[in-house]
Structures are given as C-alpha cells and as structure tokens.
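> Here is a sequence with its predicted model. Questions after.
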Amino acid sequence: MKTEPRTYKMGARAEAVEASRERIARAALARFIAEPYDAVTIASVAKDAGVSHQTVLNHFTSKEGLFTAATECFGADVMKLRGERTGHDAASAVALAIEQYEATGDGNGRLAMLDDRIPAVKAAMDFGRATHQAWLAEVFADRLPSAAAERAHVLSQLHAATDVYTWKLLRRDFGLGRRATQKVMTDTVTAILDSKGTNP
C-alpha cells in the first residue's frame, strides 16, 4: 500500500513526459511542413511547444532527431487517415492522396531537395515511398497481376501516377486546379488498371 502513491506519481510523470514529447514533435512537424528545413530551428520549435531549448534537446538530441520524430508523427497521421477512409477504387484512393498533398505536398517537395545531404531526410523520404507503395498494394490488391514481376511493374506505374511529385507537376508546375489535377491522376490510375485487365 505504501508504494501506491509513488507508483502513481511515476506513472503520471511518464505520461507528462510523453505528452511533452508529442507536443514538441507536433510543433516541429508544423514547422517542417511550413518552412524550409534549414529555416527551422530548435529554438523556434521550443517556443511553439512552450518548452525550453534544453527540453527539446533532452528529448531528441539534435535537429535531425527532432525531424525524425516529426516525420514519425506525420507517418502515423497518414496511415490512420488512409486506414479509416481509403476506398478500393481509383477515385477514392486518388481523392485521399490529393487531400494529403494539398496540406503537405509543398513541404514534401522542399524536403526532397535535401535527401542527398541530410541522412534523416533521406530516411524519411525512403520510408514514405515504401509506405505509399505498400498502401497501393493493399488498395488495389484484388486488381494486381499475380505474377511477381508484372505485379511490381504495375505497382511502379501506380506509384508514379499517384506520387506527390505528380501532384506537384500538375498543381504547381502546370497550374491546374485541384479538381483538374485529381481527374488527371484518377484517369491515369484507371488507364493503368484497364491496360492490365485488372479494373472491374
């Protein structure tokens, strides 16, 4: 009985530490989406999270560690959203991807330019690509070829059709509106599936 208050306090402290870590990571995520990587500072994230500079370092050691934690939050958010709302058809899948890209695509594009000099960025981009392809494989599982080589080929096509860089090309470089961009990407995915005889 005498240990219960101490156990409770330790549990409460652990929860407070985890909540602080989450708040800092979320503040960092908002900064990395809105600003170039080099413009984000530990001090700015600490201010946004309402903690000290040292507290950020205690949790994440460095800016790269902070970035990694931010991308983990981002990945968890994306997987949760896709798990809850993804349909198993081209229109639904593309609509959900577009929703994500409209919110974070520009930040993603800025980060991609740094993956050859910042290991944490490269790791995040590699993980994002692998996760996206795994998602496509799940969404279109019953429409992919059974032969491994052909299946991999079709997945690569679908990935190119739905990637954030395709969104950037259409939305930013070509200046298309959101609806037009979504239609181009949906039509491309549908054509890929049709060409393999996998679209019902």
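Done, it's in.

> how near is Ser44 to Val56?
10 Å (Cβ to Cβ, to the nearest Å). In this view, the C-beta of every residue, glycine as well, is placed from N, C-alpha and C.

> what does Ile98 give?
Counting by Cβ to Cβ - Ile98 and Val56 are separated by 33 Å.

> More neighbours: those two, which one.
Between Ile98 and Val56, counted using other Cβ atoms under 10 Å, the more crowded position is Val56 (27 against 21).

> Name all residues that make contact with the more buried one.
24, 42, 45-46, 49, 66 (Cβ atoms under 8 Å, 6 or more residues apart in numbering).

> Quick one, grab the pLDDT at it.
pLDDT for Val56: 95.

> Okay, it and Lys183: tell me how far apart.
Val56 is 43 Å from Lys183, by Cβ to Cβ.

> Could you look up the SS state of Phe21?
Wrong residue type there; residue 21 is Arg, not Phe. Under DSSP: H, G, I helix; E, B strand; the rest coil, the three-state class of Arg21 is helix.

> tell me the centre residue of this structure?
In the chain, the C-alpha nearest the mean C-alpha coordinate belongs to Gly75, at 4.4 Å (Cα atoms, centre = their mean).

> pLDDT score for that one?
At Gly75, pLDDT is 84.

> May I ask which helix or strand encompasses it?
Using DSSP states H and E, Gly75 sits in helix 63-85.

> ok, then the element right after that helix?
Immediately after helix 63-85, counting by DSSP H and E, sits helix 90-112.

> Helix or strand next in line after that next one, which one?
With DSSP H and E, the next secondary element past helix 90-112 is helix 119-139.

> For that following helix, name the packing helices and strands.
Contacts defined by 3 or more Cβ pairs under 8 Å, 6 or more residues apart in numbering; DSSP states H and E place helix 119-139 against helix 63-85, helix 90-112, helix 148-162.

> okay, the angle between the helix or strand bottoming out on mean pLDDT in the chain and helix 119-139?
Taking mean pLDDT, DSSP states H and E as the measure, the helix or strand of the chain with the lowest value is helix 4-34, at a mean of 82. With axes from the mean of the first three to the mean of the last three Cα atoms, to 10 degrees as the basis, helix 4-34 and helix 119-139 are set at 90 degrees to each other.

> tell me the angle the helix or strand following helix 4-34 makes with helix 4-34.
Note on helix 4-34: by DSSP H and E, the next helix or strand toward the C-terminus is helix 42-49. Relative orientation of helix 42-49 versus helix 4-34 (the same axes, to 10 degrees): 120 degrees.

> contact partners of helix 42-49?
Under Cβ under 8 Å, 6+ apart, the answer for helix 42-49 is 20, 23-24, 26-28, 30-31, 52-53, 55-57, 63, 66.
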